[in-house]
Each structure stands twice: as C-alpha cells, then as structure tokens.
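J.: okay, predicted coordinates and the sequence, questions at the end:
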Amino acid sequence: MVGFLIDLEGTLVKDKSYTPIPEALEFTKLLEEKGIPWIVATNNSTDKPYQLVEILRSKGFNVNEKKLISPSLLASNFLRREGVKSIYFLGTEKIKEFFEEEGFEVRNDHNVDAVVVGRDREINYQKLKVAASALVLNNAKLFSFHMNRLILDPDGLVGPSVGAIATALSYAGSKSIISFGKPSKEYFERAFELLGIKDPEKVYMVSDDPFTDLAEGKKVARFKTVFVLSGKYRNTSILDKIERNLQPDYIFDHLGECKKLLEGV
C-alpha cells in the first residue's frame, strides 16, 4: 500500500484564500475511494490546527485532526524540551493565542527565553530589532515554524516566507535555528505515524516547494518526491539550484496528475 503526504498551499489549495485546486480536490476523493492513506502535511503557521481542519472541510476536503500535521502540533514539545517558558513571537494573533493556551508567556519585549518565527504579514524593523535584541542581548534561542523560502500570496506575487526571515535573524544573531516543521526529523516521523506506513519507498511527498519539502525532506525521510507546478514556481528552471541526487522523482503540473502513480494500485 502506498501513501501520500500532501502539501497545502500551492498543492491542495491555491494560496491563503484556501481556494481548492480543482484537480487536487478530485485526486483526494479518488484516494478516499481507493482506500489509499493520505494526510495534509503543511507548514502552515497562521491558523490553529483545528481551525485549519474546519476550513479544509468547508472547502470539500475529507480531513480531520488525524489527517493533518502542522508545525503548531509539534511546537510545544520542541519549546518545553529546550526549557522555554517565555517567547517573542513573530506571527498571527491566532497562533499567539495558541501559544498562550499552551501555557507559554508571550511577551512584546526582548526579555524572553526564545524567539519564535511564524508568518507575519505586518513584520517591520521594530519587530526585527526586538527579535535580534532577544537573541543577542538576552541569549534567547531561535525557533522557526518551518524553513520555507517563499510564499505565494493571493495577488499572484511571492514574498519572503518564514524560513527567509528566520535565516536573516540567525545571521544577525549568530544563532542556529530549530525548526518545528518540514524538514525536521520529528515532523516527518509523526507524518509517517499518521499515515501508518513505515517504508519510505511507499510514501510520496507532493509539494510545490522543491527545497524544504522535497530536497531537504528526502534527506531526512528518504521518501519519493513529487514537484507540482501549481504553486510558487511555475516552471522547472528552479530545479537547477538543487543537487542532482535530490531532484524530484516526478514533476507534474498539478496534484491531479498523481493519478499516474496509482496505476496498478
């Protein structure tokens, strides 16, 4: 039996509007019909996990809390393991509330144990200055929801994603980054558990991100990789920047073409 780890934005849905890609919706329904396991393997850092499940269900996807993995679900364990009690957070009010609900003190100054980088559409110099001060002046640790370079916005343009901001802070503060999401080992271990498949040769990771999800993910999890051109990269020229042994195993225009992988299944 094969299984699918399917990225969210640019793969299942178009962008933060969560508008389904029609072929993707059809493909997940086909997986359901065939009894093939699949989960949403997202690096989403803007919505609480249960809210994301509700959104996707409203869009027609058959998901529940056991069919979705996001960095938020792993964040608390990461932070507690590192002894973190207080954080400076770059991100949405929803995720800020999530951390408070989990028992962390979320502060607006640099006197914190850790800086946590999520998706912040209102990031500015002041926020970056507080974050850098926490790292340099208070020796805070640096965490990132994920290491994605770019994000596709509803206006069709791309912007620096969470990983890009975290990398800038890492450079400024001379701090290593601890990532909750893809491509962390813990993330993919949990994803395999949810799928119920141990053999990486039987798992396909499908994503529009050839770097974090696919190339780096392949290093960690050794699964098969599928690059789709329905998201932030609309042609294959970006693959020139990736080592030959980490190139995608398959390249499709959209998730629906993954039907070719089911022949004989």
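T.: It's in. Residues are numbered from 1 along each chain as shown.

J.: only C-alpha atoms from now on, for both contacts and neighbour counts.
T.: Fine.

J.: next one: Arg81 from Ser179, what distance?
T.: Applying Cα to Cα, to the nearest Å, the value for Arg81 to Ser179 is 13 Å.

J.: please enumerate the strands of this structure.
T.: Ranges of strands within the chain are 3-6, 38-41, 68-69, 86-90, 105-107, 114-117, 141-144, 150-152, 158-160, 177-179, 203-207, 224-228, 250-252, based on DSSP state E.

J.: which one of those has the poorest average confidence?
T.: Among the strands of the chain, strand 150-152 carries the lowest mean pLDDT, a mean of 88.

J.: give me the helices and strands touching the helix or strand of the chain with the lowest mean pLDDT, please.
T.: The weakest-scoring helix or strand in the chain, judged by mean pLDDT, DSSP states H and E, is strand 150-152 (a mean of 88). Applying 3 or more Cα pairs under 8 Å, 6 or more residues apart in numbering; DSSP states H and E, one finds that strand 150-152 contacts strand 158-160.

J.: list the helices and strands the strand it packs on packs on?
T.: strand 150-152.

J.: which residues touch the strand it packs on?
T.: Here strand 150-152 makes contact (Cα atoms under 8 Å, 6 or more residues apart in numbering) with 10, 15, 158-162, 164, 231-232.

J.: who wins for neighbours among the residues you listed?
T.: With neighbours defined as other Cα atoms under 10 Å, the most crowded of the contacts of strand 150-152 is Gly231; it has 27 neighbours.

J.: contacts only, for the nearest residue to it once chain neighbours are set aside.
T.: Spatially, and ignoring its direct neighbours in sequence, Gly231 is nearest to Gly10 (3.7 Å; Cα to Cα, 6 or more residues apart in numbering). When contacts are counted by Cα under 8 Å, 6+ apart, Gly10 touches 152, 207-208, 230-232.

J.: repeat the analysis, applying 7 Å as the threshold.
T.: 208, 230-232 (Cα atoms under 7 Å, 6 or more residues apart in numbering).

J.: may I have stretch 37-49 as PDB, with CA atoms only?
T.: Only the C-alpha atoms of stretch 37-49 are listed here, as PDB (Å, rounded to 0.1, in the frame of the first residue of the first chain):
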ATOM      1  CA  PRO A  37      -4.000   6.800   3.100                       C
ATOM      2  CA  TRP A  38      -3.100  10.500   2.800                       C
ATOM      3  CA  ILE A  39      -2.600  13.400   5.100                       C
ATOM      4  CA  VAL A  40      -2.200  17.100   4.700                       C
ATOM      5  CA  ALA A  41       1.400  17.800   5.500                       C
ATOM      6  CA  THR A  42       1.500  21.500   5.900                       C
ATOM      7  CA  ASN A  43       3.900  24.100   7.200                       C
ATOM      8  CA  ASN A  44       1.000  26.500   7.900                       C
ATOM      9  CA  SER A  45       1.900  29.000  10.700                       C
ATOM     10  CA  THR A  46      -1.100  31.300  10.500                       C
ATOM     11  CA  ASP A  47      -4.100  29.100  11.700                       C
ATOM     12  CA  LYS A  48      -4.600  26.800  14.700                       C
ATOM     13  CA  PRO A  49      -4.700  23.200  13.600                       C
END
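
J.: residues contacting that stretch, please?
T.: Outside stretch 37-49, the residues touching it (Cα under 7 Å, 6+ apart) are 3-8, 67-72, 92, 94-95, 98, 118-119, 145-146, 181-182, 195.
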